[in-house]
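**Student:** based on what follows, work out the 3D shape:
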Amino acid sequence: MIASYGVIIFAAALDYLIGDPVNIIHPVQIMGWVISRLSKLAEKYCHNPFTQRLAGVLLGTILIIGSGAIAQLIVQIAKSGDQFLGIAIESILLASCFAGRSLNNAATAVLQPLEKGELSTARSILSNYVGRDTENLTAPEVLRATLETVTENATDGVMAPLFYAIVGALLPGVEPVTLAVAYKASSTLDSMIGYKDAPYTYLGWFSARLEDILTWLPCRLHVITLGLIAGKPLAVWQMCRRDAIKDPSPNSGWSECSYAAILAVQVGGINWYRGVAKHKPLLGDPIVPITSQSIYRALQLTRYSFLLWLGVAALLPILLNR
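**Tutor:** Presented below is the predicted three-dimensional model:
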């Protein structure tokens, strides 16, 4: 058990220091390739809502269970040959599930040109990370989009994978990386096909719903953690109870709203997607405008929350052995 928590801490250090190395195939890329191929097969052979829903269940089940099982098998085979090699491989695989450094790099890449007055460059870079139209965004809208991306992905990209790694470490016979990779597969499925619009209306319903369920608990725990770190847990929770419940997503609204409450800013409003305006509910109170410092502070809050969870994970072996 102690070795499992050591793997989690080592993986977190790898993500913080190195992040995702370039020119190396990332597990999410492999998942994306599989999802793309299987979804195209489903679109080709499934032509009514029932068969598309069934295909969505099969696709989600195969990818999520298969990804976790493959990760478990790789680590166990490696450990059977050399324990230290197995730990190294597991740490690298688990680090790929954490998006802390990637999230920080993405935000910084947008903010640096924006702070220099290079709005068009900031818009262009932002388009790589968000689904909304960016070509006509004003500087305040770029800041809002960046903050919303940072605070939404803090939960499903950083905290939820850590949560499932810790749960995996608690389960006998299960590696920490197993559940983390399985969750990452669920998150990737949701980001690729979890849409209400065609052609994924029926094919993606299972993936979208399952990701909502899997993220629900780590999201609430993260909101509580942020409130404790900020020293106002009740105020943060009350703000989320007031505003986050208006968001159609059961998780992203809570994640974004918790940061908005702490930073005293407001997110949400009108976004444009392929020329179509969509209104997101307003979360938080506009006490101060969103600035670059708001985003850097949000990234810092995520790091503090992540470190606090790591600290709890490090203490669990001691507490459970008593």
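
**Student:** from now on I want contacts and neighbour counts done on CA atoms only, so please keep to that.
**Tutor:** Fine.

**Student:** what's the local residue count around residue 114?
**Tutor:** Number of residues near residue 114 (other Cα atoms under 10 Å) recorded here: 19.

**Student:** who's in contact with the helix or strand where it lies?
**Tutor:** Here residue 114, judged by DSSP states H and E, is contained in helix 100-115. Residues from elsewhere that reach helix 100-115 (Cα atoms under 8 Å, 6 or more residues apart in numbering): 15-20, 119, 121-123, 125-126, 129, 139, 143, 146, 150, 153-154, 157-158, 292, 295, 299, 303.

**Student:** and these, which are buried?
**Tutor:** 15-16, 19-20, 119, 121-123, 125-126, 129, 139, 143, 146, 150, 153-154, 157-158, 292, 295, 299, 303 (16 or more other Cα atoms under 10 Å).

**Student:** so of the residues you listed, which ones are in helices?
**Tutor:** The helices, defined by DSSP state H, take in 15-16, 119, 121-123, 125-126, 139, 143, 146, 150, 153, 292, 295, 299, 303 from the buried ones among the contacts of helix 100-115.

**Student:** residue contacts, the closest residue to residue 256 other than its chain neighbours?
**Tutor:** Spatial nearest neighbour of residue 256, chain neighbours left out: residue 151 (5.0 Å); criterion: Cα to Cα, 6 or more residues apart in numbering. By Cα under 8 Å, 6+ apart, the residues touching residue 151 are 255, 256, 259, 298.

**Student:** buried set for the longest helix anywhere in the chain?
**Tutor:** In terms of residue count, the longest helix belonging to the chain (DSSP H) is helix 49-81. By neighbour count on 16+ other Cα under 10 Å, the buried set for helix 49-81 is 51-57, 59-61, 63-65, 67-69, 71-72, 75-76, 78-79.

**Student:** next one: stretch 219-234
**Tutor:** Buried residues in stretch 219-234 (16+ other Cα under 10 Å): 219, 220, 221, 222, 223, 224, 225, 226, 227, 233.

**Student:** same question for stretch 103-111.
**Tutor:** Result for stretch 103-111 [16+ other Cα under 10 Å]: buried residues 103, 104, 106, 107, 108, 110, 111.

**Student:** ok, stretch 201-217 next?
**Tutor:** So for stretch 201-217, counting by 16+ other Cα under 10 Å, buried means 202-208, 210-212, 214-216.

**Student:** let me see the mean pLDDT of the helix or strand hosting residue 307.
**Tutor:** Secondary structure from DSSP H and E places residue 307 in helix 292-320. Helix 292-320 shows a mean pLDDT of 91.

**Student:** out of everything not next to it in sequence, what's closest to residue 19?
**Tutor:** Residue 19 sits nearest to residue 101 (Cα to Cα, 6+ apart), 5.3 Å away.

**Student:** give me the neighbour count for that neighbour.
**Tutor:** Residues near residue 101, counting by other Cα under 10 Å: 20.

**Student:** filter the buried residues of stretch 219-234 down to just the ones in helices.
**Tutor:** Using DSSP H, the buried residues of stretch 219-234 in helices are 219, 220, 221, 222, 223, 224, 225, 226, 227, 233.

**Student:** what separation do you get for the closest residue to the second one other than its chain neighbours and residue 211?
**Tutor:** Looking back up the chat, that one is residue 220. Nearest residue to residue 220, sequence neighbours excluded (Cα to Cα, 6+ apart): residue 254, at 7.6 Å. Look at residue 254 and residue 211: by Cα to Cα, to the nearest Å, they are 15 Å apart.

**Student:** this completes my enquiry, with thanks.
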